[in-house]
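Trainee: Build me a structure from this.
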Amino acid sequence: MPLFPMQPNVPPQPGSAMPPAAPAMPAIPQPSSTVGLAADDVARARQLADRLRSRFAATLIGQDNLRESLIVTLVAGGHILIESVPGLAKTTAAQTLATSVSGTFKRVQCTPDLMPSDLVGTQVFDFASQRFTTQIGPIHANFVLLDEINRSNAKTQSAMLEAMAEGATTIGGERIELPKPFMVIATQNPIEEEGTFNLPEAQMDRFMMKAVMTYPSADEEARMLAMLTRRGSDTLDPSTLAPDVLSIRDVEFLRAAARRVHVSDAIMRYAVDMAATSRGAGTHPVKGLAQLVRLGASPRASIALTRIGQANALLAGRDYVVPEDIKAFSHQVLRHRIMLTFEALADGVSADQVVDSIVKAVPVP
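Mentor: Residues are numbered from 1 along each chain as shown. Okay, the predicted model is just below:
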């Protein structure tokens, strides 16, 4: 099999000269096995992350795990799903991240009657010009907050899936690219069932992480009340925050730098082994897992573990990934990609418990 496709043997036309011989093809440069980061790039990335964390400190009390999950997902270039009962500041956390960057931000309150055109956009007939004009919807923004995403119907969820998977939307047969960077922050309430539609597995898999919020401690709740009293308002007003926000170029720098963080072969095998173990395979299978797990994590989980590990290492000031970077967010990456059996649900087994057994079984390199 030749390395390059053969050129067709075309005879010369009458009266034309023979074409000169093609020059020798230069050797194709091979990428190096590791692409390091300069110390200045690592220091700049950590400084930008500290600016994001200081922004959260002015709006959110506690919820450090959620804050780190949001920032790491932003740097890794993925989407995040936040699940909790009402009143735990899901929307506030999402708005804080979105308003920490100078890009555009749109919030969509999902309801059962929300149509795809309400989200993506539609074509409107202009009587003056006798032509259709395209009106883009709120999904065309750098940061999109889909509040209570499980209240939207299946048709609207498919439009969301296309935007998250393809980075573009289709309006009237016209493909429109979404702005970059593009990040979806979705929230859902797990306790309500009336008027809700469970997210399909394909769409759940598109979220790089799923964060679960818990109730704050008594001390954190008291500090929250003190902050609200000082602020004089129960709602977040971004205009009252410090104007020190990251630019779109800063976000692009963080994402590009994260992709250059070194990942050793052992770390890659560790991520693959963790995803494979959830499917009943792996080097150290979990005994009895087949009775608990109906469907394990796809290879997209190992990709997410690696990308999240790179982002976490960068924000920690390192240009290489260690096993702790993978383990730190293993629950957020795997919990929504593991489908439990009916027996496991009946026995009260949670996906987090399954992830605990996987993390314990897979040996750390």
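Trainee: For the stretch 1-150 of the chain, give me the ranges with low pLDDT.
Mentor: 1-36 (pLDDT under 70).
Trainee: hey, where'd the strands end up in it?
Mentor: Ranges of strands within the stretch 1-150 of the chain are 80-83, 105-109, 121-126, 131-136, 143-147, based on DSSP state E, counting those that start in this stretch.
Trainee: Taking strand 121-126 as reference, get the angle to the fourth one.
Mentor: Our comparison of strand 131-136 with strand 121-126, counting by axes from the mean of the first three to the mean of the last three C-alpha atoms, to 10 degrees, yields an angle of 150 degrees.
Trainee: Which strands border strand 131-136, and is each parallel or antiparallel?
Mentor: Here strand 131-136 is paired, per DSSP bridges, with strand 121-126 (antiparallel).
Trainee: picking that back up, which stretch among the strands of the stretch 1-150 of the chain comes nearest Ala258?
Mentor: strand 80-83 (15.4 Å; C-beta to C-beta). Every C-beta, even on glycine, is put in place using the N, C-alpha and C of the backbone.
Trainee: Are there helices or strands packed against the closest one, and which ones?
Mentor: Helices and strands touching strand 80-83, as assessed by 3 or more C-beta pairs under 8 Å, 6 or more residues apart in numbering; DSSP states H and E, comprise helix 64-76, helix 90-98, strand 183-188, strand 209-212.
Trainee: Please work out which of the ones you listed is packed deepest.
Mentor: strand 183-188 (a mean of 25; mean count of other C-beta atoms under 10 Å).
Trainee: quick revisit: pick the most deeply packed of the strands of the stretch 1-150 of the chain.
Mentor: Of these, the one with the most neighbours on average (mean count of other C-beta under 10 Å) is strand 143-147, at a mean of 25.
Trainee: Direction included, what does it pair against?
Mentor: Here, using DSSP bridges, strand 143-147 pairs with strand 105-109 (parallel), strand 183-188 (parallel).
Trainee: Can you show me the CA trace of the last one as PDB?
Mentor: Once side chains and other backbone atoms are set aside, the C-alpha atoms of strand 183-188 remain, and they are given as PDB (Å, rounded to 0.1, in the frame of the first residue of the first chain):
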ATOM      1  CA  MET A 183     -20.500  25.300  27.600                       C
ATOM      2  CA  VAL A 184     -23.800  24.000  28.800                       C
ATOM      3  CA  ILE A 185     -24.600  24.100  32.600                       C
ATOM      4  CA  ALA A 186     -27.700  22.200  33.200                       C
ATOM      5  CA  THR A 187     -29.600  21.700  36.500                       C
ATOM      6  CA  GLN A 188     -32.200  19.200  37.500                       C
END
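Trainee: quick one: the helix or strand that that strand is followed by to chain centroid distance?
Mentor: Reading on from strand 183-188 to the C-terminus, the next helix or strand found by DSSP states H and E is helix 201-206. On the basis of C-alpha atoms, centre = their mean, to the nearest Å, helix 201-206 sits 12 Å off its chain's mean C-alpha point.
Trainee: what comes up buried for helix 201-206?
Mentor: For helix 201-206, the neighbour count (16 or more other C-beta atoms under 10 Å) marks Gln203, Asp205, Arg206 as buried.
Trainee: for the helices and strands packed on strand 80-83, which one sits closest to Ser278?
Mentor: strand 209-212 (14.4 Å).
Trainee: tell me the average confidence for that closest one?
Mentor: Averaging pLDDT along strand 209-212 yields 91.
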